[in-house]
Each structure stands twice: as structure tokens, then as C-alpha cells.
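1. What follows is a predicted structure for the sequence shown.
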Amino acid sequence: MKRIRAVLLSVALLSPLCVQAQASLLERANELIRQGQAKPALELLLPASTSLAADARYHYLLGTAYFDAGDPENAITAFRDALSINPQLLQAEAELGRAYLLTGNYLAAQFAFDNVKRGNPPPEVSAAIDSYVETLHNSLQSQRPRFRGSVSVGIGHDSNVNSATSAQRVLLPILGGITATLDSAARERSDNFISAGIEASGFTPLDDQTELFLGGGTQLKANNKIDEFDFLTGNASGGVRYAYGPHQESQIALSVSADSIHQDHVRVRDSYGLNLEYRYIFHPLAEASAFAQQSKLEYPREPFRDADRKVYGFALNPVAFGKRLFNLPPVASVYWGSERPTASGVDHLGYRLTGARTAGYLQFNSRFALFAGLGYERRAYGDPDPLFAETRVDRQTDFNAGIIYAMDYGWSFTPVISYTDNRSSLDVFKYSRTAVMLTVRKTF
């Protein structure tokens, strides 16, 4: 860390940035920074914020003082101000990258350092950046928490708690084409709800390339009035990851998983799965992956629905500096597969599926981030439905977006909106659903 600062400041002293009269405020501040006296430098610079607001050199030194004083958030603002005045100020761009790194915004740091290198800086600057990034990454990896856990509570409103159609009547060809009126309980129903959840995950390295991992959690959604659609879900997974290659650019993971769904205090579905994934980093910012999942679905109350599910796909994952980011979802994925009932005579319950998903995550600073996701899935069922005498085809679109605001001591506040639109060839299975939720989470 000190090495990159020394190199950058030595370059700065040779540039017009610090060619000032000996008595100038900026040179005095620069000297204080070089001596490691960041707070006195801030005390000198802050009163001049109005008179030197249009001076890129001022904002650069202000950002440097903030950074050394342990305030990377204000440093980012100051470096951005410097670059808005002088986009060619490579010193500010490099320091901006360092500030982004310390706030956990690795992708933004990657872009900032790439901008520096495109500006043809002296070789020692590029070498210092590479060395700094490698050292910091190794430090972060060594400090990567072996265990993470969280508890959360939330409140929200669901426009369609039973994922039911809004239609009041449906045509029944099997009964001679009569039109049946649906009971109000079979149509969409809205309600407020509360939620609560617990999650935990951890890993333990076996050597420099191999690690075991384990995770699980439980989530409760309790409606205010419609109790028969209260849900309690639980899940657990565990496996092994193995990374290899000159820079560990390849990784293979094998895991097992299990989950259970309870509706209104009754267990309605269990699943058990085996998952295999291969990842390969092919660019400093991108990683490709291929995955295969095989699951056994069991319905204790409706055993005729028991099924085997297989899903295969490819995904594109975000990477920074050629290093994996374990906390971000894939940028995009495509998948296909099938769900086949194990019982005979119920092929109309099975289907082939194809789908695609994309997700975005934008972190503004260590406290504030935005996220959004969009998905589409097509399900083509087997035989014609015996009640409707038609083969069912569903086309489902899902969207969600939210804000993560991190507070002190591991607390965070997250408002989320989600929307589902299932367009089915059979009217009774058509539905749309909108839910909004506010969640408070404690991470430890």
C-alpha cells in the first residue's frame, strides 16, 4: 500500500500538479500528506473548499488526505470531483481505484485502474498497481470469513398469495364444453404478510486449492388473513470446490442439496439434489460456467406428483482483476431441462423447460447498492390435461429490484419489489403477482 502511494506521489511531484510556489496551500498540504499527517492536511484543505472548488489539484489532495485518514467514502467523492475537472489526472484515477477497493467495489476499482493503464503511465506506476491489487487480494482471501450468518424480519404486501388466476369462469371441454364459475377461494387473493429468516454458510480449506463448504437456512412467510397459504421453507447444501490452473482460473464444484416446503403447517414437498458446476475465468472481468443439476421431488400428500428433475445450463459470472467474486449472482444464464413424474398415467404433470435469466448489481459505496433481476421460463407439458383436453404451455416472466442500505454493526435495510406474470395456454393457470417487502437483516 505504501509502495503505490510513494510511486504515485513521486510522479505527481514531477507533474504540473505540484509545481506551486513554496508558500502555497496546496504544496503545504501535499507535504503534510507525504509526512503521514492526513488530519492536519484535511484541516488545512477543507476551509478552502469554496475558493479552490474549480481546481482539480485541490480535490486530488483532499481525496488523498481523506483516504489516508481512513475515510474512503469521502475520498471517492473528492477524486471524482478532480476527474470531472481534469479527466486526464491519472493520479486521481489511480487513487480512486484504491478507494473503491477498500469499500468493496471491486468492479469499479478494475475500471479505474484500467483507465490509468490506458493513459500510458510510467512503468513503475503500472507495476505498483499490479502489486497492490495482488497483495490486497491475497489479504482479503486470507481474511475471508470462514462462517457467515444472518437473521432477518420483514413486512410486505402480496397481490396474489395463492398464485391463482383472476378469471371468474373457465371452459371445461371434458364436461361438454360448459363454463364453470370458479369459487372465490380459487381466484387470486391479496394479503399483507410478515417474514422471518435465518441463513448460515461456511467453508474450510483443505489446502490451497480445495475447500469444503456448507450452507442452509429457513424462511417463514405468514399472511395476515389467508393462513392456508402460509409457507415455511428450509434448505441445506454442502460440497467441495477445487480450483486449479496457473492462476486457479478453473474451478469445479460438486455438492448435494435438500429442501422442504411446508404450507399451513403441513409438509407439501421435499427435494434432494446433486449439483455439478465447472467455472473458467477467461477475462479479468468475466467467468463462464457450465452446470448440471439432478433432483428428486417428493410430495408427501400427493405421491402421484413425485418427479425427477434435471436442469443443465451455462452462466456468465462477474469477476474483478481475474479473481472470483463469491457474493455476486451471475450476470446472465441460460438453462434447459425436464421434470418427469415417476408414476404412470400422469404425464400431463411433467414438462420440458427452457429459460434465461439476467441480473445486475451496482454498488455505489460500502453502504448503498442497487440490484435487479429478470427471468423468463417456458414450460411445455407432456400429455393433454385430462380436465381441459388441451396440452398446457406456460410462459413465465419474473422481475425483481431492490435497494440494499448497509448500516453499522452488520445491520442492513432492503426494500424489494417483485413481479411474476405467468401466461398459460390454459386460463386457469394464468396469473400475475406483485409483491413489495421491506426487510431488516442482521449479518454476523
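-> Received, thanks. The shown structure was predicted, so the numbers you read here are calculated from the model rather than taken from an experiment. Residues are numbered from 1 along each chain as shown.

2. where does L276 land in three-state SS?
-> Three-state secondary structure (criterion: DSSP: H, G, I helix; E, B strand; the rest coil) places L276 in strand.

3. dump the residue contacts of the residue nearest to it when sequence neighbours are not counted.
-> Counting by CB to CB, 6 or more residues apart in numbering, the nearest residue to L276 once its immediate chain neighbours are dropped is A292, at 4.9 Å. The C-beta positions use only the backbone N, C-alpha and C, and glycine is treated the same way. Applying CB atoms under 8 Å, 6 or more residues apart in numbering, we find A292 in contact with 275-277, 310-312.

4. Please indicate which of the residues you listed are buried?
-> The neighbour count (16 or more other CB atoms under 10 Å) marks 275, 277, 311 as buried among the contacts of A292.

5. Among those, which one lies nearest to F231?
-> Using CB to CB, V311 comes nearest to F231 of the buried ones among the contacts of A292, at 22.3 Å.

6. about what we covered before: starting from the helix or strand harbouring the residue nearest to L276, tell me which strands it pairs with and how they run.
-> Using DSSP states H and E, the element containing A292 is strand 286-298. The strands beside strand 286-298 in its sheet (DSSP bridges) come out as strand 266-283 (antiparallel), strand 307-320 (antiparallel).

7. Give me the contact list for the longest one.
-> Where contact means CB under 8 Å, 6+ apart, the residues beyond strand 266-283 that reach it are 237, 239, 247, 249-262, 287-301, 309, 317, 319, 322-324.

8. Kindly write the ChimeraX command that selects the buried subset of the residues you listed.
-> ChimeraX command restricting these to the buried ones, with burial defined by 16+ other CB under 10 Å:
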select :237,239,249,251,253,255,257,258,259,260,261,262,287,289,291,293,295,297,298,299,309,317,319,322,323,324
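
9. what does the domain assignment say about the chain?
-> 2-142, 148-443 (automatic domain parsing).

10. Can you tell me which of those is most buried?
-> Comparing the domains of the chain by mean neighbour count (mean count of other CB atoms under 10 Å), domain 2-142 ranks first with a mean of 18.

11. Need the phi and psi values for Y66.
-> phi -60, psi -40 (degrees, to the nearest 10).

12. tell me the contacts of it?
-> 38, 42, 72, 74-75, 78 are the contacts of Y66 under CB under 8 Å, 6+ apart.

13. Which member of these is positioned nearest L61?
-> Among these, A78 lies closest to L61 (CB to CB), at 8.5 Å.

14. for the helix or strand containing that closest one, what is the average pLDDT?
-> Element membership of A78 [criterion: DSSP H and E] is helix 72-85. In this model, helix 72-85 carries a mean pLDDT of 92.

15. In the stretch 51-200 of the chain, where is pLDDT below threshold?
-> Within the stretch 51-200 of the chain, the set of residues satisfying pLDDT under 70 comprises 136-144, 166-186.

16. Strands of that one, start to end?
-> Listed in chain order, the strands of the stretch 51-200 of the chain (DSSP state E, counting those that start in this stretch) span 147-158, 169-172, 178-181, 191-205.

17. Tabulate those (CSV), appending distance to Q110.
-> Formatted as CSV, the strands of the stretch 51-200 of the chain follow (distance: least, CB to CB, whole Å):
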stretch, distance to Q110
strand 147-158, 24
strand 169-172, 54
strand 178-181, 59
strand 191-205, 25
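
18. F371 is nearest to which of those strands?
-> strand 147-158 (15.7 Å).

19. tell me which element V440 is part of?
-> V440 belongs to strand 431-443 when assigned by DSSP H and E.

20. for the record, mean pLDDT for that strand?
-> 97.

21. Farthest-apart pair in the contacts of Y66, please.
-> Longest span within these, CB to CB: L42 and P72, 13.8 Å.

22. How far away from the center of its chain is stretch 295-302?
-> The chain centroid and the centroid of stretch 295-302 are separated by 30 Å under CA atoms, centre = their mean, to the nearest Å.

23. can you list the residues that contact it?
-> Under the criterion CB under 8 Å, 6+ apart, residues 257, 266-274, 305-311, 339 lie in contact with stretch 295-302.

24. so who does Q209 touch?
-> The neighbours of Q209, taking CB under 8 Å, 6+ apart as the test, are 242-244, 248.

25. can you rerun that using 6 Å?
-> By CB atoms under 6 Å, 6 or more residues apart in numbering, Q209 lies in contact with 242-244.

26. Just the ones of those in strands?
-> Among the contacts of Q209, the ones falling in strands (DSSP state E) are 242-244.

27. mind putting the contacts of Y66 in CSV, distance to L370 included?
-> CSV is the format used below for these (distance: CB to CB, whole Å):
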residue, distance to L370
A38, 31
L42, 30
P72, 20
N74, 21
A75, 22
A78, 23
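
28. Quickly name whichever of the residues you listed is closest to L206.
-> P72 (34.5 Å).

29. Wait, that closest one touches A99, no?
-> Yes - using CB atoms under 6 Å as the test, P72 is close enough to A99 to be in contact (4.3 Å).

30. mind listing what A243 touches?
-> Contacts for A243 (CB under 6 Å, 6+ apart) come out as 209, 251.

31. is it in a bridge, and if so with what?
-> Using DSSP bridges, the bridge partners assigned to A243 are Q251.

32. circling back: who wins for proximity to V133 among the strands of the stretch 51-200 of the chain?
-> Nearest to V133 among these is strand 191-205; the distance by CB to CB comes to 21.9 Å.

33. What is the closest one packed up against?
-> Contact here means 3 or more CB pairs under 6 Å, 6 or more residues apart in numbering; DSSP states H and E; on that basis strand 191-205 packs against strand 147-158, strand 210-223.

34. need those in CSV with distance to P384, can you?
-> Compiled in CSV, the helices and strands packed on strand 191-205 are given as follows (distance: least, CB to CB, whole Å):
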stretch, distance to P384
strand 147-158, 32
strand 210-223, 34
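
35. before we move on, back to that, now, which of the buried ones among the contacts of A292 sits nearest A343?
-> Distances from A343 to the buried ones among the contacts of A292, taken by CB to CB, are shortest for V311, at 20.9 Å.

36. residue contacts, that closest one?
-> Under the criterion of CB under 6 Å, 6+ apart, the neighbours of V311 are 293, 335, 337.

37. ok, so of those residues, who is nearest R392?
-> Comparing every one of those with R392 (CB to CB), the shortest separation belongs to G337, at 17.2 Å.
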